[in-house]
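>>> here's a sequence, model it:
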Amino acid sequence: MTVTNRFARLGLLAASVLLAGCSSSPAWTDYTYKAQHFAAAFTAPPKTTDGAPFLVEENDGTVDFGVTAACNIVTDKTSDQILSDAVEASRISGTVRNVTYTALDQTMGREMLVDRTDAPTVKQRIFVRDHCLYLVFATTKDGPDDDRVKHFLDSFRFL
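Okay, the predicted model is just below:
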């Protein structure tokens with residue numbers, strides 16, 4: 001093998017290793033839910049469950065992205081009280097930790113992690129706006145710090 005061929009093969013090997021390390025990003029598509037007053041981006045067509053509450057979810061075994069929307073809330077509680085109740089209700093699913101305030105537009109909400117037994121940790125955000133309670137959740141097999149979790153949560157917006 002000549003020196004030129006050896007360098008050419010090393011160059012091809014290095015390029016192959018670099019390309020193998022690059023994974024293509026999933027294509028994100030915006031989906032709009034006018035009746036529930038929100039939109040979010042998913043990497044595959046999500047399934048919807050109409051009813052009270054409304055659920056839209058993409059779950060292929062490696063990712064679980066979704067939004068639960070309960071609209072037409074009738075209560076004397078303030079938005080802050082509803083948010084606190086929703087955080088407490090999340091404890092049914094697992095151990096809630098790292099609860100922080102978050103905002104979307106002018107709407108204050110809560111962000112938290114929910115550790116579940118034998119399942120990946122869920123990162124979720126909860127908002128109350130115009131008589132609707134929104135629970136936006138995301139998890140991947142790579143955990144709550146996965147860029148796809150952030151992308152999905154950040155894609156949620158009010159209409």
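
>>> in a helix, that's where residue 151 is, yeah?
Yes: the assignment for residue 151 (DSSP: H, G, I helix; E, B strand; the rest coil) places it in a helix.

>>> wait, it touches residue 30, no?
No: counting by CB atoms under 8 Å, residue 151 does not reach residue 30; the two are 12.0 Å apart. From N, CA and C alone the C-beta is placed, and that goes for glycine too.

>>> comparing those two, which residue is more hemmed in?
With other CB atoms under 10 Å as the criterion, residue 151 and residue 30 differ in neighbour count, and residue 151 comes out ahead with 16 against 10.

>>> what residues are up against that one?
Shown in contact with residue 151 (CB atoms under 8 Å, 6 or more residues apart in numbering): 28, 41.

>>> same thing with residue 38?
With contact taken as CB under 8 Å, 6+ apart, residue 38 is in contact with 32, 67, 69, 134, 156, 157, 158, 159.

>>> repeat for residue 105
Applying CB under 8 Å, 6+ apart to residue 105 gives the contacts 157, 158.

>>> what sits closest to residue 148 if chain neighbours are left out?
The spatial neighbour of residue 148 that comes closest, neighbours along the chain excluded (CB to CB, 6 or more residues apart in numbering), is residue 140 at 5.6 Å.

>>> how long is stretch 99-112 from one end to the other?
Looking at stretch 99-112, the gap from its leading to its trailing residue is 4 Å under the measure CA to CA, to the nearest Å.
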